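Colleague: Compute the structure for the input listed below.
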Amino acid sequence: MPLGTSELPYSQSCENNKRVILERLQEIFADRKQVLEIASGTGQHATWFAEHMPWLQWQPTDIPTNVATLEPRCRAYSGQNLCTVTALDVTDKPWMVDVPHALYTANSLHIMPYTAVEALFDALGNFAKPDTCLVVYGPFNYDGEYTSESNARFDQWLLQQHPLSAIRDFEKVDAMAQFAGFVLEQDNDMPANNRLLVWRKLAPERTN
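Modeller: Residues are numbered from 1 along each chain as shown. Reported below is the predicted structural model:
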């Protein structure tokens, strides 16, 4: 018997800012046809965004051990534009999914190990096509400093949960993106001291 909505895996952090994120994504993804979501978690963002952006085919993914958490809500989605849940570990070489012209990930870079963040951008450097749009939501440090006391407390909590988790420095992440061929187009201030960062991959320069 299918789970009721109240019985599905749930994350409050996914609910908190989904409406304001949607407002941004509706503009950013207006000309996209398919989105690959990395680290879809409980599927709350995947189903919400798929419902409110019906022109997109939304591909939810997560690491193999989290697929069982992601699948129930995605199975309960009644629309036709949510793809089958796929296991994806960004450290896999190569990725077992196609990389479309749009990618989205939320509340993930500070959870995954730093080596996984590096692997993410390494894969995008190798497999993302020119004009691919990458959207990353979450907290970031700037100039090596926390942007708020609440982020400092959150970072300490992350460290207690897992020693490889931490709020990432924007400058280091942007440097990875640039090395992968992406240029930063937007750095949006979001509620609760979060950011919505948008990079776009450039076409390689021609050499004579």
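
Colleague: mind listing the helices for this protein?
Modeller: Assigned by DSSP state H, the helices in the chain fall at 12-16, 18-28, 44-52, 67-76, 114-127, 149-161, 170-179.

Colleague: can you put those in CSV and add mean pLDDT and mean neighbour count?
Modeller: (Each C-beta comes from the backbone N, C-alpha and C, glycine too.) Formatted as CSV, these follow (pLDDT from 0 to 100; neighbours: other Cβ atoms under 10 Å):
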stretch, mean pLDDT, mean neighbour count
helix 12-16, 84, 14
helix 18-28, 97, 16
helix 44-52, 97, 21
helix 67-76, 96, 18
helix 114-127, 98, 18
helix 149-161, 96, 13
helix 170-179, 98, 16
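
Colleague: Dump those helices to JSON lines, plus distance to H101.
Modeller: As requested, these are arranged in JSON lines below (distance: least, Cβ to Cβ, whole Å):
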{"stretch": "helix 12-16", "distance to H101": "24"}
{"stretch": "helix 18-28", "distance to H101": "12"}
{"stretch": "helix 44-52", "distance to H101": "16"}
{"stretch": "helix 67-76", "distance to H101": "22"}
{"stretch": "helix 114-127", "distance to H101": "12"}
{"stretch": "helix 149-161", "distance to H101": "32"}
{"stretch": "helix 170-179", "distance to H101": "16"}
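
Colleague: what's the spacing between P139 and P113?
Modeller: Relative to P113, P139 is positioned 17 Å away (criterion: Cβ to Cβ, to the nearest Å).

Colleague: Have a look at these two and say which one is more surrounded.
Modeller: P139 (23 against 14; other Cβ atoms under 10 Å).

Colleague: so what's the more buried one up against?
Modeller: Residues near P139 by Cβ atoms under 8 Å, 6 or more residues apart in numbering: 110, 147, 151, 154, 167, 193-195.

Colleague: right, and the pair among these with maximum separation?
Modeller: Maximum pairwise distance among these (Cβ to Cβ): 13.7 Å, between F154 and R195.

Colleague: Just tell me which of the helices of the chain ends up closest to D189.
Modeller: Across the helices of the chain, closest to D189 is helix 18-28 (Cβ to Cβ), at 10.5 Å.

Colleague: chain center to the closest one: distance?
Modeller: Centroid separation for helix 18-28 versus its chain: 13 Å, with Cα atoms, centre = their mean, to the nearest Å.

Colleague: Which strands or helices does it pack on?
Modeller: Counting contacts by 3 or more Cβ pairs under 8 Å, 6 or more residues apart in numbering; DSSP states H and E, helix 18-28 packs against helix 44-52, strand 133-138, strand 182-190, strand 194-201.

Colleague: Kindly reformat the ones you listed as JSON lines containing distance to L124.
Modeller: Shown next, in JSON lines, are the helices and strands packed on helix 18-28 (distance: least, Cβ to Cβ, whole Å):
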{"stretch": "helix 44-52", "distance to L124": "20"}
{"stretch": "strand 133-138", "distance to L124": "7"}
{"stretch": "strand 182-190", "distance to L124": "7"}
{"stretch": "strand 194-201", "distance to L124": "7"}
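
Colleague: Which among those is found nearest to P9?
Modeller: Among those, helix 44-52 comes nearest to P9, with 8.5 Å by Cβ to Cβ.

Colleague: Report the angle between that closest one and helix 67-76.
Modeller: 20 degrees (axes from the mean of the first three to the mean of the last three Cα atoms, to 10 degrees).
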